[in-house]
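Participant: Build me a structure from this.
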Amino acid sequence: MTNQNPGTVTVACLQFEPQVGKVEANLAAMERLIRAAAARGAKLVVLPELADSGYNFASPEEARALAAPIPEGPPSQKLIALAAELGLHIVSGMNELHEGRVYNSAIICGPSGHLGTFRKLHLWNREKLSFQPGDLGLPVFDTPVGRFGVVICYDGWFPEVFRHLARENCDLVCVPTNWVPMPNQPAGAEIMANILHRAAAHSNGLPIACANRIGTERGQEFLGNSVIIGADGWQLAGPASADGEEILIATIPTGVVARNRAVSERNDVFGDRRTDVYG
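Facilitator: Numbers count the residues shown, from 1 in each chain. The predicted structure is shown next:
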């Protein structure tokens, strides 16, 4: 069943601190937060990037040792079982091993089981030492709770990603992420990641739900500030704190993509495009 008519979906972004190498402990924290979000009415939950394994690997060998297949591996099976039990959809960052290659991926699952996998397209810094670039494109998932796409962290620095998903008439983009400070970021300023994702939401009429992690892992600071952004670019929930475990909840309209793009009586952010000039 696909949600083709106007409706709503209650989305949760789950912000917590995965521990590198502690897969069982991470899965326990994920389950606790997913159950708490379900109790608050969430029907779609988004967790951080590499939520199962942690992020700051000492070596490519460590990343590989912590990777597991999607959907056959134990971390995937845990989330698939939770989605079925709780009657919700889950998007979570995962460390994926597939045919001998390691990918920074996300699992998408729901009450009916595994719906698909997204593999991060744009690798950040030392990720290039451990992971292969994503090779599954930008899939769109039709579900009973809406039509959504997935991107991971640094993918969000590329406007083309959101424009493509908007042209595919997504109701929402889910973003598992591990945001870190950007160079020359002024103290106290809104973090660059939130600025970029608010702009992407506004310029595409596209809600975006970003679940970041917290903590410092092997010297790498993470920024928290998870956020759920409406199609107009304004926050529906968050930003979360920089360093606290949090569950953000927001209700997002579905099936109204065209309406989202009308920014004035006479303007539409897609209809006004000058494709004769810039393609």
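Participant: Show the pLDDT at Ser76.
Facilitator: Per-residue confidence for Ser76 comes out at a pLDDT of 98.
Participant: Which secondary structure state is assigned to the closest residue to Tyr154 other than its chain neighbours?
Facilitator: Closest residue to Tyr154 apart from its sequence neighbours, by C-beta to C-beta, 6 or more residues apart in numbering: Trp124 at 4.2 Å. Placement of C-beta: from N, CA and C, glycine included. Assigned state for Trp124: coil (three-state reduction, DSSP: H, G, I helix; E, B strand; the rest coil).
Participant: Phi first, then psi, for Trp124.
Facilitator: phi -100, psi 120 (degrees, to the nearest 10).
Participant: Just want the most central residue of this protein.
Facilitator: The residue lying closest to the centre of the chain (C-alpha atoms, centre = their mean) is Val175, at 1.8 Å.
Participant: Sticking with Arg64, tell me its helix or strand.
Facilitator: Following DSSP states H and E, one finds Arg64 within helix 60-65.
Participant: Against which helices or strands is that helix packed?
Facilitator: strand 101-110, helix 127-130 (3 or more C-beta pairs under 8 Å, 6 or more residues apart in numbering; DSSP states H and E).
Participant: Please write out the alpha-carbon positions of the helix or strand bottoming out on mean pLDDT in the chain in PDB.
Facilitator: The weakest-scoring helix or strand in the chain, judged by mean pLDDT, DSSP states H and E, is helix 257-260 (a mean of 75). Extracted in PDB, the C-alpha atoms of helix 257-260 (Å, rounded to 0.1, in the frame of the first residue of the first chain):
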ATOM      1  CA  VAL A 257       4.300  18.100  -2.600                       C
ATOM      2  CA  ALA A 258       3.100  20.500  -5.300                       C
ATOM      3  CA  ARG A 259       1.500  22.700  -2.700                       C
ATOM      4  CA  ASN A 260       4.700  22.900  -0.700                       C
END
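Participant: Can you give me every residue that contacts the residue nearest to the centre of the chain?
Facilitator: Contact analysis of Val175 by C-beta atoms under 8 Å, 6 or more residues apart in numbering lists Val46, Val150, Val151, Ile152, Cys153, Asp155, Gly156, His197, Ile208, Ala209, Cys210, Ala211.
Participant: three-state assignment of His202?
Facilitator: Quick answer, by three-state DSSP: His202 is helix.
Participant: Nearest spatial neighbour of it, chain-adjacent residues omitted?
Facilitator: Using C-beta to C-beta, 6+ apart, the closest residue to His202 is Gly233 (2.9 Å).
Participant: mind listing what's buried in whichever helix or strand Met94 is part of?
Facilitator: Assessed by DSSP H and E, Met94 sits inside strand 89-98. Buried residues in strand 89-98, counted by 16 or more other C-beta atoms under 10 Å: His89, Ile90, Val91, Ser92, Gly93, Met94, Asn95, Glu96, Leu97, His98.
Participant: I figured the fourth one hits Thr117, correct?
Facilitator: Translated: Ser92. No. Using C-beta atoms under 8 Å, Ser92 is not in contact with Thr117; the gap is 11.0 Å.
Participant: ok, for Phe57, nearest residue in space, not its chain neighbours?
Facilitator: Ala63 is the one closest to Phe57 (C-beta to C-beta, 6+ apart), at 4.3 Å.
Participant: for His197, same thing?
Facilitator: Ile208 (5.1 Å).
Participant: Confirm for me that that neighbour is in contact with Cys170.
Facilitator: No. Ile208 lies out of contact with Cys170 (C-beta under 8 Å); the separation is 9.7 Å.
Participant: Cool, thanks, signing off.
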